[in-house]
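*Asks:* What follows is a predicted protein model with its sequence.
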Amino acid sequence: MRTKSESDFQALMDEEMDVEEMRDKLIRRYGKGKGFQLKSVPKLDHKQKIALVAIALVDFTSFCAMAILAPFYPSEASLKGVPTSVSGFVFSVYALVVFLASPLMGVVVTHVGPKFMLIVGVVLGGCCNILFG
């Protein structure tokens, strides 16, 4: 069952009007402070802050590992006789593997747990970076 505000919004959606008209009607109907309020952000405890910083560092370093290749890899590869298309393939394979593995890993994470999955991913990514170097 819909609430009154959902029904009102659906009625506005059913009417034929442009975006500006709909925006004006919504603001007049709900006004500032009546229906569009942001909820407060919960406070994080010490353990949650450490986990957030750790995940941010892992994410930052994994993207740095990919981004650091861009300035020098194509020139080094061409010096060794590697075609430019193969250099581009090296960069695109990363995105392709992420795209293909994400749904599979989403299923696996429910069985092994997110903490274990993160640790295995960090170790595997680090080993691959070392092997690539």
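*Replies:* That came through fine. What you see is a predicted model; the values in this text were computed from it and never measured.

*Asks:* Of all the residues in the longest helix that the chain contains, which ones are buried?
*Replies:* Counting residues, the longest helix in the chain under DSSP state H turns out to be helix 84-112. Neighbour counts using 16 or more other C-beta atoms under 10 Å place Ser87 of helix 84-112 among the buried residues. (Each C-beta comes from the backbone N, C-alpha and C, glycine too.)

*Asks:* any idea of the mean pLDDT in that helix?
*Replies:* For helix 84-112, the mean per-residue pLDDT is 88.

*Asks:* next helix or strand past that helix?
*Replies:* Per DSSP states H and E, the first helix or strand lying C-terminal to helix 84-112 is helix 114-132.

*Asks:* what's in contact with that following helix?
*Replies:* 55, 58, 62, 65, 105, 108-109 (C-beta atoms under 8 Å, 6 or more residues apart in numbering).

*Asks:* Pull up the gap between the nearest residue to Tyr94 once chain neighbours are set aside and Met117, please.
*Replies:* Of all residues not flanking Tyr94 in the chain, Met66 sits nearest, at 5.9 Å (C-beta to C-beta, 6 or more residues apart in numbering). For Met66, the distance to Met117 equals 20 Å [C-beta to C-beta, to the nearest Å].

*Asks:* now swap in Thr84 and tell me
*Replies:* Taking C-beta to C-beta, one finds Thr84 at 36 Å from Met117.
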